[in-house]
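Colleague: Build me a structure from this.
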Amino acid sequence: MYYVYVLKSRKDSLLYIGYTNNLKRRLVEHSKDNRAPWTLIYYESYLSDHDARQREEQLKRFKSAYGFLKRRMKDSISRA
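Modeller: Presented below is the predicted three-dimensional model:
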């Protein structure tokens, strides 16, 4: 399984978009960098590495895809 994820720095509210095949390990790695602590605010799972990489690039490259993601996150937060 592969994951595209969004982290938010509690230090400066920066958002980080990445992908990995081991989400737990990646979160531990992020916890050691300068902008830690991070909060996982969103993730999507994929069966293929290729699909996950494509989605990560789409979110990073295209503002419309990022806007869609922000609306989706806002909707899920308001339902919680």
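Colleague: So what would you say the end-to-end distance of stretch 53-72 is?
Modeller: Taking CA to CA, to the nearest Å, stretch 53-72 runs 20 Å from one end to the other.
Colleague: buried set for it?
Modeller: Residues 55, 56, 58, 59, 66, 69 are the ones in stretch 53-72 that count as buried (16 or more other CB atoms under 10 Å). C-beta here means a position set from N, CA and C on the backbone, and glycine is covered the same way.
Colleague: again with stretch 8-23
Modeller: Across stretch 8-23, burial judged by 16+ other CB under 10 Å covers 8, 9, 17, 18, 19, 20, 23.
Colleague: Ramachandran angles for the fifth one?
Modeller: It stands for residue 19. For residue 19, the backbone dihedrals are phi -140, psi 150 (criterion: degrees, to the nearest 10).
Colleague: Run the chain-centre distance for whatever helix or strand residue 8 lives in.
Modeller: Element membership for residue 8, per DSSP states H and E: strand 2-9. Counting by CA atoms, centre = their mean, to the nearest Å, strand 2-9 is centred 2 Å from the centre of its parent chain.
Colleague: And stretch 52-71, by the same measure?
Modeller: Put simply, stretch 52-71 sits 10 Å off its chain's centre (CA atoms, centre = their mean).
Colleague: Show residues contacting it.
Modeller: Stretch 52-71 is contacted from outside by 2, 3, 4, 6, 17, 18, 19, 42, 44, 46, using CB atoms under 8 Å, 6 or more residues apart in numbering.
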